[in-house]
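J.: coords below, sequence missing:
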């Protein structure tokens, strides 16, 4: 594994990280590694969702042969009225 040095950490941030690690029963290093891994994983998941949405949008546009989508305002209004 590669090492990383993080400089100039705010003392309050460091104290919060230490408290979080202690609460979880982990070392500070392990907690920081976990936080970084979760952040990267969440970013990958968001990117996958965006990619999937763009692909779906392209498929829908292709199916409509380039025609714009109809205005959904009347359908939304009707739906809201039926929910009252």
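T.: Looks like it came in fine. From a predicted model like this one, the values you see are computed outputs, not experimental measurements. Residues are numbered from 1 along each chain as shown.

J.: going by C-alpha atoms from here, please, whenever you check contacts or count neighbours.
T.: Will do.

J.: can you pull out the helices in the chain?
T.: For the chain, the helices defined by DSSP state H cover 11-24, 28-63, 73-82.

J.: any chance of JSON lines for those, columns mean pLDDT, mean neighbour count and distance to residue 5?
T.: Putting these into JSON lines (pLDDT from 0 to 100; neighbours: other CA atoms under 10 Å; distance: least, CA to CA, whole Å) gives the following:
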{"stretch": "helix 11-24", "mean pLDDT": "97", "mean neighbour count": "13", "distance to residue 5": "14"}
{"stretch": "helix 28-63", "mean pLDDT": "95", "mean neighbour count": "13", "distance to residue 5": "11"}
{"stretch": "helix 73-82", "mean pLDDT": "93", "mean neighbour count": "10", "distance to residue 5": "53"}
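
J.: out of those, the one nearest residue 4 is which?
T.: Distance to residue 4, taken as CA to CA, is lowest for helix 28-63 among the helices of the chain, at 10.3 Å.

J.: residue 53 versus the most centrally placed residue in the chain, what's the distance?
T.: Centroid-nearest residue in the chain, with CA atoms, centre = their mean: residue 46, separated by 4.4 Å. For residue 46, the distance to residue 53 equals 11 Å [CA to CA, to the nearest Å].

J.: same question, residue 37
T.: Separation of residue 37 from residue 53 (CA to CA): 24 Å.

J.: same check, this time on residue 23
T.: Per CA to CA, residue 23 is found 38 Å from residue 53.

J.: then residue 18?
T.: Noted for residue 18: a distance of 39 Å to residue 53, by CA to CA.

J.: ok, now residue 31?
T.: Distance of residue 31 to residue 53, given as CA to CA: 33 Å.

J.: one more: residue 43?
T.: Computed as CA to CA, the residue 43 to residue 53 distance reads 15 Å.

J.: same question for residue 32.
T.: Residue 32 sits 32 Å away from residue 53, taking CA to CA as the criterion.

J.: next: residue 15.
T.: Using CA to CA, one obtains 40 Å as the distance from residue 15 to residue 53.

J.: over to residue 20?
T.: In terms of CA to CA, residue 20 sits 35 Å off from residue 53.

J.: also residue 22?
T.: Residue 22 sits 40 Å away from residue 53, going by CA to CA.
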